[in-house]
Every structure is written in C-alpha cells, then in structure tokens.
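A.B. asks: structure of the sequence below:
(chains A and B)
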Amino acid sequence: MKIFTCKDRFEDMMTCIYVAWEEALKIGHENVHVQREPIFQESLFDQYIHVDADMDKVQKVVRSIKGQISYEAYSYVYYASLSIREDALQAIYNFLRVGFATGPAVCSMHANPHVMRIFDIKRKVANESHHFLEFARFNSLNNQVYVCHLEPRSDVIMLVGRHFEDRMPSEHWMIIDDNRKTACVHPKDGETYLRYLTSEEFEALRTTETYEDPYTDMWRGFFHAISIKERENRRCQRTLFPIWKRKHATEFMQ
Amino acid sequence: MMEKIDIMKNMQSSNNVNMQSDTVSKCELGVVKDFSTQEKLEILADAAKYDVACTSSGSDRRGQKGMLGNASAAGICHSFAADGRCISLLKILMTNHCVYDCKYCINRASNDVPRATFTPEEICELTVEFYKRNYIEGLFLSSGVLKNPTYTMEKMCETLVLLRTKYHFNGYVHVKTIPGASDELLARVGYLADRMSINLELPTAESLSKLAPNKNFHTILEPMGKVRDTIAAHRMAIGKDRHMERASGNQYLGNSIFQSRQDMLSSNNHGYIDKGNAEIAKILGVGNQYLSTAHNYELAPRDLTNLKRSFAPAGQSTQMIIGATGETDYTLIQTTQQLYTGYDLKRVFYSAYIPLNEDAALPALGTAPPLLREHRLYQADWLLRFYGFRANELLSEKKPNFNELLDPKCDWALRHINQFPVDVQTAGYELLLRVPGIGPTSAKRIVQARRYGKLDFDALKKMGVVLKRAHYFILCGGRQMYKTPIEEQYITRQLIGVDHKQNWKVAHSSEGYNQMSLADFGIA
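C.D. replies: Numbering: from 1, shown residues only, chains lettered A, B, ... in the order given. Just a heads-up that it's a prediction; the model follows:
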C-alpha cells in the first residue's frame, strides 16, 4: 500500500489528497492511504511518500469540492482538517470518494458510514470551537491589549477568533494556543491574522494570566454569589463545563 | 397597605441621609453601610440568583466598528455555577431595597438583609469590563422596587441609555419590567433592550394575591399585552411575520400550538377579546377586561417608517414559582400554553420554590425544592415548543400531575400504545417526533437519510436516536430490534428501569453523600 503523508496544515492536506487521488486512479482507491505527520511507527511493507503543499493543487481540490459536491461538504472537510483525530485525513478522503460519486446529496446520507464518520469529526470540532468561544477568558494588560490563552485539542483558535473579530472589532486582542504555539492576533480596527509564535515571543506572553485587576476578583465573587446552595449539583456542572476546559478559566484559578 | 408603603418610604429616605453622613462600617437595621463595588456586586448578584432566566438567545446582531459587542441567535453560555445552571448574563438587581412585601421573596421589605444600590455608571462599567474579558454575554437587569415602580424603572432606563450610548455597548440586554411602571418607560426600555420580561410569579390570581399582596394580575398582564402588540407592530413594519420565530420544525407539525395562532391575534378591533385571552383569563382567574388587544401601537410612535432600532427583538419571557402553592401540573402547563399562544412569549421559566422565609402560607424552611417536578415541567414545555404536543394531550383533569417515574413523552406513548410500532422507513416526521428517544434533530436526519437507502438500527444509533427508549416503539425493515411485546405493562416496567437512576439523580442532585466507613460505627 502507498501511504501519503503531509504536515498538519490545511494546504498540505489538500495537496496530499490530490496526489493520493492521482495515484489511486492508477492503482485503485483501496491501495492508497493518507495520513498526517508525525508518524510514530512505520509499518514494514508499506511505502511512505511525503507530500508538500502546492497552491495550484489546493485550489483544484477546493474548487472541485465546492463545485461538484457543495459548499456544505467543503465546510465538513475544512472542519475535519482541524481535528486532532488520527484518522481525520483518511475520513476526508473517504468522504470525498462518496461525495464525488453522489454529488450534493452526500451531506444528507446519514446512513453511510463514511459520511457519518466525517460528520462526527466535524461535529466534535464545531462543538469544541463553540465551547472555547464560551470559555475563553481575556486578561487585560493595562486596558490596552486583551490576551487569552487556550489549550484546545483541535486547532480551533481561528474559528474562535472569527467570533471575537465581529464582537470586539475596536480593541487590540490576541488568542494564544499554548500547545501549538500559534496566536490569532487582532489589531484595533484591523484584520485578524494567524501568527506562528517564536519561543521568545511565547515566553514573553506566557505570564499574562497572572495579571490581576479588580475585575478578575469581582468576577470570582460574582461567580460564587450567583449559585444557589440548595440546588448544588457538581456533577451537572462538570458535564457542562468539563474540568480539562477549566484550565484557563479565571473563575477556577486561585 | 398605603400606610405601610409610606413608612417604608420614610425609612428609605432616612437611609439615604445615613448613606451620605454615616460612613461607619457597621451594618445594623436602618443603618446603611457604604459598600465597595465588589461588595455591592456580591449582595446584588446574591439577591438576583433566584431569577431563573439566564438566556441570551433570540437576537442576531452583527458587531460594528467603534462599538462593543454582538448577539448570536442561539445564545452563548459563559460559565456554569456550582448548581449546574449556566451563567450567560451579568445577572444583578439594580437595588435590593424593596417596598413590596411578597412572602416568598428574600428581598421583601420585612426581611433584615444587607441592602445596596448600584449607580448607573457602576452597572455600565461592570458590564463593559466583564464583556471585554468574555466573562458574560450581556446584562440582565432586574430590581427591587425603590420608592415606587415608575421611579425604579426610570433609574433602570437611565442605566440602559448610558450603556447603549456613552459606553457603546451593542451586546445582549435583558430587562425585567417592574409591574406598575408607566407606559412611556416601558416603551423606552423596549428600544434599548433585547428581551423584556415580566414575572408572572404565580400561575393563578388567587395565589398571587395570597403571597404577593402588593401585586396583581392586572399590572402584570397588561404590560405583557402591550409589549406583545408593540413587538408585532415593529416586526410588521420591517416586513416580518407578526409572530416571533419558532423552532423551524414547527412548520411541519399540523398540531403544533404555534399553528393556530394566525386567527388568534388577527383582529385589531378595539375591545376585541381573543380566544386565547378568554381562555387564559378563565385559567388565571381574572376578568376579561384586562386582556383585550385594544392597545396595539400604544407604545410605538405613530410613524414607523424611520425606525432605527427594533423593539425587544428577542421577545418576552416570564417565570413562575412552582411548589409554593397548590396548583396542579395541568394548570401550569395550560397556563404555559396560553402564554405562548396568547401572549406570544418566547419562553416560560419555572422556578422550583426554595423556602427562604418563614410563613404560614408557605412550605416550611428546609423543605427540599421540587427539582424533579420542575424537570418534568421543562420536559413538557419542550414538548409544546418543539414536538407539536398540546397541553391537553399530556395531562387532563382526571390525571392532573406528571408521572414521577416516566417522562411526559414516554407516558404519552404508553397511553397511546395502539399507534405503535412505527416503521422508520415510512412514518411521517410528525409521528417520528412522537416516538420516545427520537428528537427534532434525529427525526430530521431520518427523513433526509431514508431517501438514499434503507436504514438499520446501527445507522439510527449513529444519527442520535436513543435506542434504549426507542427500540420498543420502532421497526426497521419490518423488524424490531429485539423481540419485545408491544404491551403497555411490559414496556412501562422496562422504561421505568431505564430511567430510574436518572430520576433519582435529578431528585437528589442537591444532596451530598459520602462513602460509609468503619469509623462511622466507632470502629477505627
């Protein structure tokens, strides 16, 4: 089997799908596999081929998905590409095989296992992004810049950033992904962009969460005052606000 | 009663004097301390926590350059408190001074609790600074009655004007209307807030007069009717339907409570009393005179062509206390339905009564709040709004309360076992929705997916159908999942087993318990 591998970025993944598909037309879809790097353990009898991003091929793939399947299908693919699941890229590939064969109806074929798989992955990413736009907490640096740290499993900070772009267009703010060391930066009244942080930049930004002001205390006070003792239900709280998502929430920090 | 209010007013003014002169930090009855903003926030959030509604849904508004905030139609929760309730809005009272003496309320005039009042600037700054840090989705502003309703409402109005203009706040605002405030203020608030609500407090006029001697149904339902009509007028002025938007699935449900509204609000004739209002009047026990739709446009300007703002775009909601008085679930759910159809409310909230004050007319202190009952009522509320059920299908005069052991939908299905099993391949959307374990999302997916192939139980499970409940009632390819008899007694036993643990958890969610150890018996 030929296994095509690529970096964990949208452009690389789309190119990888293009190259793998090209090969599959010769040797059959069953004999190709796509996977994201890093690959921890290579199997003995498969051939590994690394693919680098090529903007022409990316555009071809994106154009065909939008044109021949639907815009909705493209959004499935985009969301799935952000997922942390190991099989996300292969799920996209399988979904596209069904998609190009059936056309726009593919998004309603909930009984098809490949469609259901990508739907599941997409839903997890969308839910995670929604949770982090709820649970993101900004710290104010002298009322000038607002900085937020997140540790999402999937790569959702640009999705979260898009929400805040509409919400706070006239403030300086940035959202930092601590695991991937990337930042979604928004200058006042400007364009939001993604930045890969250098380690010095990351170290400098790391301590922003220790910046306290009266409002952080007031928020904690409010958080405790608003709960009704007679109805206390920690299990329900944990279901709705899982502990791993509380890591950067001001109200749970002491 | 007037005498009492006067006394309270005097107390109030003497308090104000104290506030200016006395900065000694001693909090005795009649002496008001100068609280810091943090202390005020804690007092007034604590006083507001019994208000249930903390939703930020219903408004969809894009952000603007130079402004702060937007609103998203689905609503966004920001945190979850220790009781598992969501924190979406900065839920505070403007003041917890109150001249009213409602028996169930923690802030009643006769209670000795620390009292504080926010200035409009304090509220605005808190809202904006919290919002920028993404702690909240907007402001929920309620208040005790300071001096009189109109004065209180004027202060709240002042706060909102400041928030929307000076602080350029464009996020979500929910305002509790104070019953008895003047129409001009009601109208002003409508243009500033996203959602307005006025608490019904208790489901019948009788209980209201018993527990809240200073309030009556007239002052609650009249503004509700006026706001409904003004919202309708504004919606029509921008080319929308006069009724609020409802869950999209409702358009396929012939029996839905929202289908028959068309004729209900259709007449603007003065003095016309519509059917919904007549019915609600009967249930609520008040005369019809309050409930005419004569006041259309009363709050709106004559000419609606140059509107800059919409009027309460997220509609109205209300809240009822349950368990403090002896109403049956049937009365509650009938009232709810009438409020949705007659007053076009977006939501009706229920609040399980927590005994805070000692009074002969109320349950004793330490009575556990009826959480399971509240849960069942919310389940029924969802059946009304999303599933096309009607109040009289769920309960009746003969069976006025919900089953503790089974949820209302299972209960309905078991009483109509002759309509089951249904084949998922052919059954209509309306019927699919009535199967326990299938909701609006999974029903929609089934309808979409079966056009492209046969469904099996595995696929149903992936689509989100809860098979542990549904498998008794459905067929896939002419077969049941397991060979189970379609028999009321048998399925009832099985379903009670499925839900037993869940029900116990809801009913006992607030109790703490520990693992027993030998030390408990004195054996170390």
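
A.B. asks: you'd agree A:Val156 is up against A:Glu128?
C.D. replies: Yes. Between A:Val156 and A:Glu128 there is a contact under C-beta atoms under 8 Å: 5.6 Å. C-beta: built from backbone N, CA, C; applies to glycine.

A.B. asks: these two - which one has more neighbours?
C.D. replies: Set A:Val156 next to A:Glu128 and count neighbours by other C-beta atoms under 10 Å in any protein chain shown: A:Val156 wins out with 26 against 21.

A.B. asks: what is the burial count for the spatially closest residue to that one that is not a sequence neighbour?
C.D. replies: Distances taken as C-beta to C-beta, 6 or more residues apart in numbering or on different chains place A:Ser129 nearest to A:Val156, at 3.9 Å, with adjacent residues excluded. Applying other C-beta under 10 Å, we find 22 residues neighbouring A:Ser129.

A.B. asks: now B:Ser517
C.D. replies: Summarising burial for B:Ser517: neighbours were counted as other C-beta under 10 Å, giving 9.

A.B. asks: B:Ile523 versus that one, what's the distance?
C.D. replies: Taking C-beta to C-beta, to the nearest Å as the criterion, B:Ser517 is separated from B:Ile523 by 9 Å.

A.B. asks: same question, A:Asn142
C.D. replies: From A:Asn142 across to B:Ile523, the span is 61 Å (C-beta to C-beta).

A.B. asks: ranges for the strands of the stretch 351-500 of chain B?
C.D. replies: Using DSSP state E, counting those that start in this stretch, the strands found in the stretch 351-500 of chain B span residues B:422-423, B:474-475.

A.B. asks: most tightly packed of these?
C.D. replies: strand B:474-475 (a mean of 22; mean count of other C-beta atoms under 10 Å in any protein chain shown).

A.B. asks: quick one: low-confidence parts of the stretch 51-200 of chain A?
C.D. replies: Within the stretch 51-200 of chain A, not a single segment meets pLDDT under 70.

A.B. asks: show me which residues of it are close to chain B?
C.D. replies: With C-beta under 8 Å from any C-beta of the partner chain as the criterion, the stretch 51-200 of chain A meets chain B at residues A:102, A:105, A:108-113, A:116, A:120, A:133-140, A:146, A:148, A:164, A:166-171, A:189.

A.B. asks: what do you get if the cut-off is 6 Å, keeping everything else the same?
C.D. replies: Residues of the stretch 51-200 of chain A lying close to chain B (C-beta under 6 Å from any C-beta of the partner chain) are A:108-111, A:116, A:134, A:136-138, A:166-167, A:169-170, A:189.

A.B. asks: buried subset of those residues as a PyMOL selection?
C.D. replies: Written as a PyMOL command, the selection of buried residues from those, which uses 16 or more other C-beta atoms under 10 Å in any protein chain shown, is:
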select buried, chain A and resi 108+109+110+111+116+134+136+137+138+167+169
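
A.B. asks: once you drop chain neighbours, what's closest to the residue of chain B found nearest chain A?
C.D. replies: Nearest residue of chain B to chain A: B:Gly84, at 2.8 Å (C-beta to the nearest C-beta). Nearest in space to B:Gly84, with sequence neighbours left out and distances taken as C-beta to C-beta, 6+ apart, is A:Cys236 at 2.8 Å.

A.B. asks: try B:Gly66
C.D. replies: With sequence-adjacent residues excluded and distances taken as C-beta to C-beta, 6+ apart, B:Gly66 is closest to A:Ser170, at 5.4 Å.

A.B. asks: from memory the one you found sits against B:Gln64, does it?
C.D. replies: No. In this structure, A:Ser170 sits apart from B:Gln64 without contact. The criterion is C-beta atoms under 6 Å, and the distance is 8.7 Å.

A.B. asks: list phi and psi for the spatially most central residue of chain B.
C.D. replies: With distances taken as C-alpha atoms, centre = their mean, B:Phe349 lies nearest the centre of chain B, 2.6 Å away. Backbone torsions of B:Phe349, given as degrees, to the nearest 10, read phi -100, psi 150.

A.B. asks: on that earlier part again, among the residues of the stretch 51-200 of chain A next to chain B, which are located in strands?
C.D. replies: Filtering these for membership in strands, criterion DSSP state E, returns A:Phe138.

A.B. asks: possible to save the residues of the stretch 51-200 of chain A next to chain B as CSV with distance to B:Cys157?
C.D. replies: Compiled in CSV, those are given as follows (distance: C-beta to C-beta, whole Å):
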residue, distance to B:Cys157
A:Ser108, 49
A:Met109, 54
A:His110, 50
A:Ala111, 55
A:Met116, 52
A:Glu134, 30
A:Ala136, 32
A:Arg137, 31
A:Phe138, 30
A:Asp166, 28
A:Arg167, 26
A:Pro169, 28
A:Ser170, 26
A:Asp189, 31
